[in-house]
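Trainee: Just the structure for this:
(chains A and B)
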Amino acid sequence: MSVSSAGYEQRGAPTLLAQPLRWLGHGVNLPLALGALAFAVYAGRAGAYELRLLSVAGAYAILVIGYQFIFSYAGAASLAQSCFFGLGAYMTGVLGATYGFGSEITLPLSILAPGLLAAAVAGAVLRLEDHYFSLATLAITLLVTLVVTQWLSVTGGTNGLSGIPSFSLFGQTVASRYDTMLLVWGFVVAAALLALLILRGLYGRAFHLMRQSRPVASALGLDTARMRFSAFVLSGCYGGLAGALTAHVTHVISPEQVGLPLMITCLTMTVIGGRMSIAGGILGALLITHLQEQFRFLEYYAFIAYGVATLTFLVLVPNGIVGSLEAIRNRLLPTTADPIAEPTVAPALDSHFADQGETLLEVDGVSKAFGGIQALSDVGLALRRGEIVGLIGPNGSGKTTLINIISGLYDSDAGRLTFAGHDISRLAAFRIARLGMMRTFQHIHLVDEMSVLDNIALGWAGVGGAGLRQAFRAFGRNDSLKQARDYALTAARALGVDHCLADPCGALPYGTRRRVEVARALIAAPKLLLLDEPAAGLNEEEQRDLAQRIKAIAATGTAVLVVEHNLVFLAALAERLVCLDQGRVIAAGLPTEVRADLKVIEAYLGTAA
Amino acid sequence: MSILQLVANGLVLGAVYALVTLGFVLVVNATGAVNFAHGDLVMAGGYAAILFGSWIKLPLLLLLPLVALAMFVLGVLVCCVAYFPLMKRPPSTVFISTLLTGIILQNTYVVAIGPEVKAGPPLLQGSNLPLGPVVLSPQAIATVMVAALLIGGQYLLFFRTPLGRQLRAVAQDREMAMAIGIPAFRLIAITFGLGAALAGVAGAVLSNQFFVSPTGGVSLSIYGYIAVVIGGWGSIFGAVAGAVIIALFQVVASAFVPYTVATGGLYVALLVILFFRPQGLFGERIQRRV
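Mentor: Numbering: from 1, shown residues only, chains lettered A, B, ... in the order given. Below is the predicted model of the structure:
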């Protein structure tokens, strides 16, 4: 699936052909249709050897589609995918060959066991960053490989297991090669559809933001830990299914299918096919399986050629085959902007509080130290509904630290924070966001390849409950994304970015990107909006325009806390100013008072006035 | 074997691992990417030692500069093939490309030299040296001395020379280094070369006692990786300490339990360390910046 498919439909002539053609032009449909056609032609005339190869490739396709969850979507280079595969294969092998169980028992267990292993280690490994995560998953793979090679009585050691029975359900065996191939590819279709169901909507798009920056995603209400957990467990279950099917197809299983060699194959298939695309996963699996087989007679030279070819591919075709085809298609058939979204106002969050005029946010005695540096000491401030407050102070005075603490990205060392009647002092960022606090960041974090409308829609993902449950509930429909786009259109209009809804964000001018980010924070009608240096990099006209729009937002009852250096911008905007210096509040009150305050002038100019 | 002798053996192996890790962490620092072909470069050093040893009838110790020179060239080559074309991509892409480079190297060894395990020439000939309760071979003494020399030389190069200052600048912030006129690309190539030279010397040193084989490098890559993670990402001396810890663990543990159990224990220990200290044993916790 493509990141850039923005959800616009082209208005063609209402001929009989228009609809199928439009369908073909969209997403992965064309490659899938062509692939299915080629597949049907090839499979019809394939011999026993080719059928077996096709079946193995199908199992690998499931392995790769599963791997895409954690590798491509969650952005964590797991090296445990082959271990999940091996676990599934050995589960099927041991239970089937040694104990004679049918697939009605072995298959669910082969899927469940790796899923459970993933869930069991997830807590420990998923909080690790980048390379640490890769190494931890590698260690798990190596450990399982060791167990498999050493536990002779059960696994057959380095010789592996043979005599694994064919797939059978309650005594009915799938015996012929052709039927086995159909069975495997039936599973491929099911696995691909399930992945599509999970990833095509708002949830799948949320992964792109999460992968880019986890703090930003969680400040928008996304439970990033849970997203990573789901992706990891899903990859485990898919790996187990792939292993079980392979064991049924080849009837033998060896430790090689647990460890690094298979892991490298899996990575290669993912990269060559196209890491973001289900069709790419299938294509990569088919291609590499057949290439490896074709060049087997060359023995070790084949591995050299395989390495060189894949490396060349990695360099020359960075987005994989399907990614490149998509790029070509997007150039030939640009999506015309014709939004199907209807502007709808999102419901206010936690509405029982909405009509109370009391203090919305209260920060009391908050302190924070980084190592030996006291970034904040005993800071207090309060915001009422609909109020615009400016937070000023020289560089390094603790402004950003303070709003990171308010939005829950950092924990404070001391003090208490209350928001909308909830104690949020120890609450996770995504929970605070879901209570109705949204924010922007000093550096713009948008998904460059995704359209403006969808970037804004991501602000609704966490609040709107995008997740596995919602994805499954929406079976056959895609309401969550449509609803979020409807809301996004409203937010886009409020910020004046509705002229470029279909454009990918990466191509837009800086000022527009700023406003898209504010629109994203606004989509869920937050009670409190935190803006970190919104005017930075904007020209004066853009600044005036933004100030007007922020005022309009506040007029609807949303409180706004603006961190800013630009006092001219703030003077026209804020009703009150709070000035920080060296982590302390040195002045607070009306803008004219604060700007005339000697301590403020001293802090900014550095010398006593 | 006495526990002291075990520790001494562990330290000798640790010296070898330290050399392996030193090259590994150099490349990590310069590029932010894991070079999973590093272990295979170690094996190349072992093969080079065997080759040069058969041509030139001198103690291997004197041939080490030759090995290092040849490996430097190979390292620059690997950099040009597997890193430069991919340097703007996510680290996982570079990781895959080095895995592939490793596969190419391993199978080239099989094709060119053969799949069997080979032993290299000793660094020095001579009789064993008893030191109190501990007996050290000339090989062991030379190994430790070579490692100490190179680790010290690395320190001097990095912290006492203009080249080292530039190398560190590139490692810290490539864009900034380029902005002030440091030829970053050339320095990255040099770093890869130095890393490979260190790998080569490590391979030459270990070829006599621990043997070389086409796939023998894989576990060395993993040990290097583990050492860097234990030592705190990018810390040179943390990584060297990590390497010595791994070697001590392996030698001492496998005196009491089978080798495979010791290896398994190493992986478990790694997971336990990561669980309690996600930033490594010697690493500092970094607050993520938004």
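
Trainee: C-alpha from now on. contacts and neighbour counts both.
Mentor: Will do.

Trainee: how about the residues of chain B near chain A?
Mentor: Within chain B, the residues that sit near chain A (Cα under 8 Å from any Cα of the partner chain) are B:34, B:82, B:85-86, B:92-93, B:96-97, B:99-101, B:103-105, B:107-108, B:110-111, B:225-226, B:229, B:260, B:264, B:267-268, B:270-271, B:274-275, B:278, B:290.

Trainee: out of those residues, which are buried?
Mentor: Buried residues within the residues of chain B next to chain A, counting neighbours by 16 or more other Cα atoms under 10 Å in any protein chain shown: B:34, B:82, B:86, B:92-93, B:96-97, B:99-101, B:103-105, B:107-108, B:110, B:225-226, B:229, B:260, B:264, B:267-268, B:270-271, B:274-275, B:278.

Trainee: what's next to stretch B:253-264, contact-wise?
Mentor: With contacts defined as Cα atoms under 8 Å, 6 or more residues apart in numbering or on different chains, stretch B:253-264 is touched by A:142, A:143, A:146, B:6, B:249, B:250.

Trainee: Name the nearest residue to the closest residue to chain B within the stretch 301-450 of chain A, ignoring sequence neighbours.
Mentor: Of all residues in the stretch 301-450 of chain A, the one sitting closest to chain B is residue A:304 (4.7 Å; Cα to the nearest Cα). Once flanking residues are discounted, residue A:304 sits nearest to residue B:104: 4.7 Å by Cα to Cα, 6 or more residues apart in numbering or on different chains.

Trainee: Around chain B, which positions in chain A sit nearby?
Mentor: Proximity of chain A to chain B, by Cα under 8 Å from any Cα, involves residues A:77, A:124-125, A:127-128, A:131-132, A:135-136, A:139-140, A:142-143, A:146, A:215-216, A:264, A:267-268, A:300-301, A:303-305, A:307-308, A:310-311, A:314-315, A:441, A:443.

Trainee: which SSE is residue A:197 in?
Mentor: Using DSSP states H and E, residue A:197 sits in helix A:177-199.

Trainee: same for that helix, what does it pack against?
Mentor: The elements that helix A:177-199 packs onto, with contact taken as 3 or more Cα pairs under 8 Å, 6 or more residues apart in numbering or on different chains; DSSP states H and E, are helix A:48-68, helix A:224-250, helix A:278-294, helix A:468-473.

Trainee: switch to 7 Å and redo it
Mentor: Under the contact criterion of 3 or more Cα pairs under 7 Å, 6 or more residues apart in numbering or on different chains; DSSP states H and E, helix A:177-199 touches helix A:48-68, helix A:468-473.

Trainee: how far away is residue B:21 from residue B:203?
Mentor: Noted for residue B:21: a distance of 12 Å to residue B:203, by Cα to Cα, to the nearest Å.

Trainee: again, but for residue B:192
Mentor: To residue B:203, residue B:192 is 16 Å away according to Cα to Cα.

Trainee: what's the answer for residue A:432, then?
Mentor: Residue A:432 is 55 Å from residue B:203, by Cα to Cα.

Trainee: higher neighbour count, these two?
Mentor: Taking neighbours as other Cα atoms under 10 Å in any protein chain shown, residue A:432 and residue B:203 compare with residue B:203 leading, 32 against 26.

Trainee: For the spatially closest residue to residue A:515 that is not a sequence neighbour, give me its contacts.
Mentor: Spatial nearest neighbour of residue A:515, chain neighbours left out: residue A:495 (6.0 Å); criterion: Cα to Cα, 6+ apart. Neighbouring residues of residue A:495 by Cα atoms under 7 Å, 6 or more residues apart in numbering or on different chains: A:515, A:519, A:549.

Trainee: Which ones among the residues you listed lie within helices?
Mentor: A:515, A:519, A:549 (DSSP state H).

Trainee: now the stretch 151-290 of chain B, which segments are flagged as low pLDDT?
Mentor: Along the stretch 151-290 of chain B, the model assigns pLDDT under 70 to residues B:282-290.

Trainee: avg pLDDT for the helix or strand encompassing residue A:82?
Mentor: Residue A:82 is part of helix A:81-93 when elements are defined by DSSP H and E. Helix A:81-93 comes out with an average pLDDT of 94.

Trainee: got the angle for that helix vs helix A:224-250?
Mentor: In terms of direction (axes from the mean of the first three to the mean of the last three Cα atoms, to 10 degrees), helix A:81-93 departs from helix A:224-250 by 50 degrees.

Trainee: Now name the helix or strand holding residue 142.
Mentor: Chain wasn't specified; assuming chain A. Under the criterion of DSSP H and E, residue A:142 resides in helix A:130-150.

Trainee: Please refer instead to chain B.
Mentor: Using DSSP H and E, the element containing residue B:142 is helix B:138-160.

Trainee: Tell me which residues of that helix come out buried.
Mentor: Neighbour-count burial for helix B:138-160 flags B:138-144, B:146-147, B:150-151, B:154, B:157-158 (criterion: 16+ other Cα under 10 Å).

Trainee: Contacts for it, please.
Mentor: Applying Cα under 7 Å, 6+ apart, the contact partners of helix B:138-160 are B:12, B:15-16, B:19, B:122-128, B:164-165, B:205.

Trainee: Put the alpha carbons of the following helix or strand past that helix into PDB.
Mentor: For helix B:138-160, the following helix or strand on the C-terminal side (DSSP H and E) is helix B:162-172. Only the C-alpha atoms of helix B:162-172 are listed here, as PDB (Å, rounded to 0.1, in the frame of the first residue of the first chain):
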ATOM      1  CA  PRO B 162      45.200  16.500  13.600                       C
ATOM      2  CA  LEU B 163      43.900  13.600  11.500                       C
ATOM      3  CA  GLY B 164      42.400  12.100  14.600                       C
ATOM      4  CA  ARG B 165      40.700  15.300  15.500                       C
ATOM      5  CA  GLN B 166      39.200  15.500  12.000                       C
ATOM      6  CA  LEU B 167      38.100  11.800  12.300                       C
ATOM      7  CA  ARG B 168      36.400  12.500  15.500                       C
ATOM      8  CA  ALA B 169      34.700  15.600  14.100                       C
ATOM      9  CA  VAL B 170      33.300  13.600  11.200                       C
ATOM     10  CA  ALA B 171      32.100  10.900  13.600                       C
ATOM     11  CA  GLN B 172      30.300  13.500  15.800                       C
END
